[in-house]
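Trainee: following is a predicted model, sequence given first.
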Amino acid sequence: MTKAKALIGGATYDPQKMKILYKAFDQAWEQIAPAVGTHADAIEAARLKLANIVVGLAERDSMTDADALAKAALDLMYQSPTQL
């Protein structure tokens, strides 16, 4: 298990919410992965950043839709001052 998935797995939500978090993370990662490149450290950093955003959004909002959560996470990733 990657550090990013472990971070999400550490969240304390019911099983249905956890499925939403994992699905949202996977959907968002699919979108940004090509922009991250191939360097292992850059990939791991971007995945951890995305996982933190997904968990943070889940804590603040009552999002029950993986698509909406993924879109919100992507919006925050692209707004971040650091590059992917």
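Mentor: Cool, the structure landed.
Trainee: angles on the backbone of Ala28, please.
Mentor: Recorded main-chain torsions at Ala28 are phi -70, psi -40, according to degrees, to the nearest 10.
Trainee: that one against Ala70, yeah?
Mentor: Yes. Using CB atoms under 8 Å, Ala28 is in contact with Ala70, at 4.3 Å. In short, each C-beta sits where N, CA and C put it, glycine included.
Trainee: so where is the protein shaky, pLDDT-wise?
Mentor: Within the chain, the stretches with pLDDT under 70 are 1, 61, 80-84.
Trainee: any chance you could map the helices in it?
Mentor: Under the criterion DSSP state H, helices of the chain are mapped to 3-9, 15-36, 40-60, 66-79.
Trainee: neighbouring contacts of the shortest one?
Mentor: Going back to what we said before, that points to helix 3-9. With contact meaning CB atoms under 8 Å, 6 or more residues apart in numbering, helix 3-9 is reached by 1, 18, 21-22, 25, 44, 47-48, 50-52, 54-55.
Trainee: select from the residues you listed the one having the most neighbours.
Mentor: Ranked by neighbour count (other CB atoms under 10 Å), these have Val54 at the top, with 32 neighbours.
Trainee: quick one: contacts for that one?
Mentor: Ile8, Leu21, Ala24, Phe25, Ala28, Leu69, Ala73.
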